[in-house]
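Colleague: here is a sequence together with a model predicted from it:
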Amino acid sequence: MRSRLRTLGVSLAALAALALAPGAASAAAKKDFKVAWSIYVGWMPWGYAADSGIVKKWADKYGLSIEVKQFNDYVESINQYTAGAFDAVTVTNMDALSIPAAGGVDTTAVVVGDFSNGNDAVILKGKDKLADIKGQTVNLVEFSVSHYLLARALESVKLAEKDVKVVNTSDADMAAAYKTPEVTAVVTWKPIVSTILGEPDAKKVFDSSQIPGEIIDLMVANTEVLKDNPAFGKALVGIWYDTMKALAEDKSAKESMATASGTDVPGFDEQLATTKLFSAPKDALAFVNGAELKATSEKVSAFLFDKALLGKDAKSAGAVGIEFPDKTVFGDAKNVKLRYDATYMQAAADGKL
């Protein structure tokens, strides 16, 4: 399960490790690469690709060695990437900005894999209107995409965070917490959402399908590593689209991913139904080249700035620059640390991998 969390302690630990990691701030041509991933419906293809030989196929094509390692702790995987121990990592758009990018690690989104299209939800106990959340205590993982979803939900009914009380609650404890009398509102993600909605008094009042394209799941890589080793980016993209083909055409591939994520095929299908997977490069390209991504990036930056998650010296929501495929930049053009690069996905679309 992906625990999408960001805390100041995590950031400081990552930065300390970064300072100690030899070569973390610079890159060079090399043959051996390490990729980190964690359990979440949109990232299960990476584990399957490693187990099935798809990773080796693409690594061999470019004369590379690519190690794909699963982390049970999502935050730790980002820490390790930020510290330079891994060349690439699966991460949300928000966490890519708030952890490695805000920490000074120039990071490029190589594969835009999916966005949450209902996986994340606001649930009330015994109330069926979002406006009923006013005055309630809301349990969620603080500073996570759940926190962002709450902010966007409140905005939709002309409320603000001051109108509720947020209580930081571990995702591991969320389903059990909901069953206690004092918990009346939660924000979380699947499969926890599905578990809680199994309770007769649970009412979903808002979900990520109402802000489509704002909670994005990525495979990002160190920008300098990519610059010096473009074959690594090509291999990552090749792995993703080969695995997407297997997911669509090979029943055993879906069964394997379902089992690895701790569910069965119906359970995995239920999660896939609320995940907008970009199975073909043309779909990912349309998304990453669209104006909506720029608007989303501004919203996410504003949220992170409001929560003081763009670094202690950040003076505005644009403190960390974000570059888009057309080379336009939101924020500080002299401090671009997060980049959406369509180069590799375009190569896949053009059959030039």
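Modeller: Everything's here; your move. Everything numeric in this text was worked out from a predicted model, so none of it was measured.

Colleague: using CSV, write out the CA atom coordinates for the helix or strand hosting Asp51.
Modeller: Using DSSP states H and E, Asp51 sits in helix 44-52. Output of helix 44-52 as CSV, limited to C-alpha atoms (Å, rounded to 0.1, in the frame of the first residue of the first chain):
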residue,chain,number,x,y,z
MET,A,44,2.3,-2.8,-9.6
PRO,A,45,3.4,-3.0,-13.3
TRP,A,46,7.0,-2.3,-12.2
GLY,A,47,7.2,-5.2,-9.9
TYR,A,48,5.7,-7.5,-12.5
ALA,A,49,8.1,-6.2,-15.2
ALA,A,50,11.0,-7.1,-13.0
ASP,A,51,9.7,-10.6,-12.2
SER,A,52,8.6,-11.4,-15.7
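
Colleague: list of residues touching that helix?
Modeller: Contacting residues not belonging to helix 44-52 are listed as 35, 37, 39, 54-55, 68, 70, 90, 113, 219, 239-240, 242-244, 246-247, 253, 256-257, 260-261, 268 [C-beta atoms under 8 Å, 6 or more residues apart in numbering]. Backbone N, C-alpha and C define where each C-beta goes, glycine included.

Colleague: out of those, name the ones that lie in helices.
Modeller: 54-55, 239-240, 242-244, 246-247, 253, 256-257, 260, 268 (DSSP state H).

Colleague: ok, the spatially closest residue to Thr137 that is not a sequence neighbour to Ala177 distance?
Modeller: With sequence-adjacent residues excluded and distances taken as C-beta to C-beta, 6 or more residues apart in numbering, Thr137 is closest to Lys165, at 4.6 Å. From Lys165 across to Ala177, the span is 15 Å (C-beta to C-beta, to the nearest Å).

Colleague: same deal with Gly351?
Modeller: Gly351 is 50 Å from Ala177, by C-beta to C-beta.

Colleague: so between those two, which is more surrounded?
Modeller: Remark: of Gly351 and Ala177, Ala177 carries more neighbours, 17 against 7, as counted by other C-beta atoms under 10 Å.

Colleague: for that one, what are its contacts?
Modeller: By C-beta under 8 Å, 6+ apart, the neighbours of Ala177 are 139, 169, 183, 186.

Colleague: please consider this matter closed, and thank you.
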